[in-house]
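# Return atomic coordinates for the entry below.
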Amino acid sequence: MKKTKSFMSNIIIFGIKYKIKYVNLLSDNYLGWFKPIEQEILIEHTLKGDKRMKTLIHEIGHGVFHTTGLNQTSIGYDLQEIIVENIAQAIVQNFDIKPKK
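Predicted structure coming up:
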């Protein structure tokens, strides 16, 4: 996986620090990937602007599901995908979010 210069390198989700890595994921058909055991979020390195931010928010959503234990409920992965995707889309459409420096 090829790394590139990032615009955010870490994020904290409910007290747990996750490293954000910008890598080549398109060969695996992903734009982002939440990896709880490694405490990493992978983001496709070619994404820019709102698409990059939406993908990061989407993966943070998976982090919230994992960290709060919601992923262990009867909410299946398909429903989790719909929830985090729609929340990410709504946030990006309505807020001009810029990462902290």
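# tell me the residue furthest from the middle of the protein?
Largest separation from the mean C-alpha position in the chain: Ser74, at 21.8 Å (Cα atoms, centre = their mean).
# Would you mind measuring from that one to Gly15?
26 Å (Cβ to Cβ, to the nearest Å). C-beta: built from backbone N, CA, C; applies to glycine.
# buried residues in whatever helix or strand Ile57 lives in?
Using DSSP states H and E, Ile57 sits in helix 49-68. Within helix 49-68, the residues scored as buried using 16 or more other Cβ atoms under 10 Å are 52-67.
# right, and the pair among those residues with maximum separation?
Based on Cβ to Cβ, the longest span within those runs between Arg52 and Thr67 and measures 22.1 Å.
# quick one, strands of the protein?
10-13, 16-23, 32-35, 40-44 (DSSP state E).
# Identify whichever of the ones you listed lies nearest to Glu85.
strand 32-35 (10.7 Å).
# who's in contact with the closest one?
Contacts to strand 32-35, defined as Cβ atoms under 8 Å, 6 or more residues apart in numbering, come from residues Leu25, Ile41, Leu42, Ile43, Glu44, Thr55, Leu56, His58, Glu59, His62, Gly63, His66.
# Greatest separation within those: which pair is it?
Glu44 and His66 (20.3 Å).
# Taking the centroid of the protein, which residue is nearest it?
By Cα atoms, centre = their mean, the most central residue of the chain is Glu59, 2.0 Å off.
# For that one, list the residues it contacts.
Gly32, Trp33, Phe34, Ile41, Leu42, Ile43.
# do Ile91 as well
Counting by Cβ under 8 Å, 6+ apart, Ile91 has contacts Lys54, Ile57, Ile97.
# I'd like the residues you listed laid out as TSV, including pLDDT and distance to Ile82.
Shown next, in TSV, are the contacts of Ile91 (pLDDT from 0 to 100; distance: Cβ to Cβ, whole Å):
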residue	pLDDT	distance to Ile82
Lys54	93	15
Ile57	93	15
Ile97	77	21
